[in-house]
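1. Structure for this input, please:
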Amino acid sequence: MSSNFEIIGEEWRLRAHEMAEWAWNRMVNRKDVWGQYTSPPRGSKKSYAALTLPQKKMRGQDMVSLDKLERHFGSLKRHHLIGLHSQSSDHTCKWFAIDIDLHDCDDRIREDVARRNYAAATGWWEVLQLKGYDPLLLDSNGRGGFHLLVLFAEPVPLTDVYHFAEELTADWEKRNLDNPPETFPKSDKVNDEKLGAWLRLPGMHHTHDHFTRVWCGDEWLDDPWLSGDAAIDAILATTPGPAPKSVSKKKRVAKKPVAPAKKKIKSVCVDLDGVLSTYSGWKGSEHFGEPIDGAVDFTRELARKYRVIIFTSRTHEPDCEDVSAAVKGVGAWLDRHGFAYDEIYTGAGKPFASAYVDDRGVSCRPQDDGQKAFEVAAIQIEKLARG
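-> Residues are numbered from 1 along each chain as shown. Prediction:
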């Protein structure tokens with residue numbers, strides 16, 4: 001019996017010529033160079049090497065062809081996969097892309113990083129739609145990495161494209177990413193010696209058994225990702241957009257060096273209802289109050305030093321028949337409003353943490369404050385019980 005990977009691969013193979021013509025018209029900025037994957041040098045820890053081809057002495061002639069593109073889209077061989085450069089020799093761009101990557105990382109945080117990547121990618125997708133574009137959001141590796149691609153109806157000056165992409169992604173910290181995403185093109189510098197960066201074309205992944213999926217935009221679906229023929233249909237139907245407005249030098253975003261993220265060791269447990277969201281009594285698992293003023297910034301400050309665990313009793317309420325759906329709903333609400341967090345706790349009781357932030361919590365530390373701590377705690381309990 002054929003695997004799903006092979007079935008999807010066959011759908012891409014049968015439509016390789018269609019995809020090659022699409023890429024030829026919409027993605028090819030240069031015909032004299034391309035990117036390709038090959039075996040790594042001996043002793044390398046990587047499973048592949050990414051090269052710009054051909055060698056310098058062979059450049060200057062058209063070598064990117066429809067056949068080369070068709071081979072990329074229709075082959076199951078890794079060394080047939082290619083990427084295309086993001087700018088032409090006359091410093092214009094037919095497209096730009098945002099690469100929100102997820103490289104190998106600790107399995108304990110992979111799911112959290114993938115979730116934050118997804119929230120940022122869909123957020124920028126919505127912004128681009130509001131700007132009048134028809135963006136393609138691509139699940140590039142099936143593990144939490146995404147490519148956001150925008151096509152232009154006509155080639156656009158490199159500097160305009162670069163600064164448009166930088167301005168769009170300038171809020172990456174507010175979107176709770178650990179590092180800024182890569183943008184293609186990667187620079188606004190015009191230099192005839194520089195080829196610019198290349199981006200892998202949609203299709204098979206160069207290391208994982210995964211074919212590009214396309215986000216349909218309907219987040220409420222159980223699976224909003226299109227694959228195989230449906231993904232190809234969505235790619236081919238994408239409408240190229242207008243040239244972005246030129247960003248003045250005063251408004252251009254300067255890239256800042258990013259310090260390596262510090263490891264978060266200690267955890268802080270934060271209650272949802274009554275602390276992060278307004279709460280006036282239980283109204284069902286699908287009802288959320290508005291974010292409380294200052295709550296978003298509070299979680300972001302905590303996240304700089306600690307692992308932030310969101311605790312909620314919503315998954316234990318009598319009307320909660322699907323815990324995973326309840327957690328997904330909580331996560332969607334948190335992400336929509338820009339909260340920073342590492343985990344949504346679903347276990348019994350409260351998770352182990354260095355501190356707990358709860359609107360109905362009572363502090364009692366007799367070991368430090370003596371017997372008076374019990375008296376103060378009793379008064380607090382009485383107030384809460386009355387309220």
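2. where do the strands sit along the protein?
-> 34-38, 49-53, 82-85, 92-100, 136-139, 146-157, 182-184, 198-200, 213-215, 225-226, 267-271, 307-311, 343-345, 355-357 (DSSP state E).
3. out of these, which comes closest to residue 112?
-> With respect to residue 112, and counting by Cβ to Cβ, the nearest of the strands of the chain is strand 343-345 at 6.5 Å. No exception for glycine: its C-beta is placed from N, CA and C like everyone else's.
4. can you list contacts of that closest one?
-> Here strand 343-345 makes contact (Cβ atoms under 8 Å, 6 or more residues apart in numbering) with 112, 269, 307-312, 327, 330-331, 334, 351.
5. Can you give the distance of it from its chain's centre?
-> 19 Å (Cα atoms, centre = their mean, to the nearest Å).
6. I'd like the strands of the chain as TSV, with distance to residue 289 and mean neighbour count appended.
-> Formatted as TSV, the strands of the chain follow (distance: least, Cβ to Cβ, whole Å; neighbours: other Cβ atoms under 10 Å):
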stretch	distance to residue 289	mean neighbour count
strand 34-38	49	19
strand 49-53	48	14
strand 82-85	46	22
strand 92-100	30	23
strand 136-139	30	24
strand 146-157	30	20
strand 182-184	36	21
strand 198-200	42	22
strand 213-215	29	22
strand 225-226	31	17
strand 267-271	13	21
strand 307-311	15	22
strand 343-345	17	19
strand 355-357	17	15
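7. Format the ones you listed as a markdown table; extra columns: mean pLDDT and distance to residue 60.
-> As requested, the strands of the chain are arranged in a markdown table below (pLDDT from 0 to 100; distance: least, Cβ to Cβ, whole Å):
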| stretch | mean pLDDT | distance to residue 60 |
| --- | --- | --- |
| strand 34-38 | 90 | 14 |
| strand 49-53 | 87 | 13 |
| strand 82-85 | 96 | 15 |
| strand 92-100 | 97 | 19 |
| strand 136-139 | 98 | 32 |
| strand 146-157 | 97 | 20 |
| strand 182-184 | 96 | 23 |
| strand 198-200 | 96 | 18 |
| strand 213-215 | 97 | 36 |
| strand 225-226 | 96 | 40 |
| strand 267-271 | 86 | 58 |
| strand 307-311 | 87 | 54 |
| strand 343-345 | 84 | 54 |
| strand 355-357 | 83 | 63 |
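8. could you redo the ones you listed as a markdown table and give each row distance to residue 378?
-> Shown next, in a markdown table, are the strands of the chain (distance: least, Cβ to Cβ, whole Å):
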| stretch | distance to residue 378 |
| --- | --- |
| strand 34-38 | 68 |
| strand 49-53 | 66 |
| strand 82-85 | 67 |
| strand 92-100 | 51 |
| strand 136-139 | 55 |
| strand 146-157 | 53 |
| strand 182-184 | 57 |
| strand 198-200 | 64 |
| strand 213-215 | 54 |
| strand 225-226 | 54 |
| strand 267-271 | 22 |
| strand 307-311 | 25 |
| strand 343-345 | 29 |
| strand 355-357 | 19 |
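9. which helix of the protein spans the most residues?
-> helix 107-130 (DSSP state H).
10. Which residues are in contact with residue 356?
-> 268, 269, 270, 271, 311, 350.
11. The same query, at a cut-off of 6 Å, please.
-> residue 269 (Cβ atoms under 6 Å, 6 or more residues apart in numbering).
12. And it, how close does it get to residue 200?
-> 45 Å (Cβ to Cβ, to the nearest Å).
13. Kindly report the same for residue 361.
-> Separation of residue 361 from residue 200 (Cβ to Cβ): 50 Å.
14. can you count the residues close to residue 11?
-> By other Cβ atoms under 10 Å, the residues close to residue 11 number 15.
15. ok, it touching residue 231?
-> No - using Cβ atoms under 6 Å, residue 11 is not in contact with residue 231; the gap is 8.7 Å.
16. hmm, back to that, what's the closest of the strands of the chain to residue 3?
-> strand 213-215 (16.1 Å).
17. what's next to that closest one, contact-wise?
-> If you take Cβ under 6 Å, 6+ apart as the criterion, strand 213-215 is touched by 137, 139, 224, 225, 226, 227, 231, 234.
18. at 7 Å what do you get?
-> Strand 213-215 has contacts (Cβ atoms under 7 Å, 6 or more residues apart in numbering) with 125, 136, 137, 138, 139, 224, 225, 226, 227, 231, 234, 235.
19. of all those residues, which two lie farthest apart?
-> 125 and 227 (17.8 Å).
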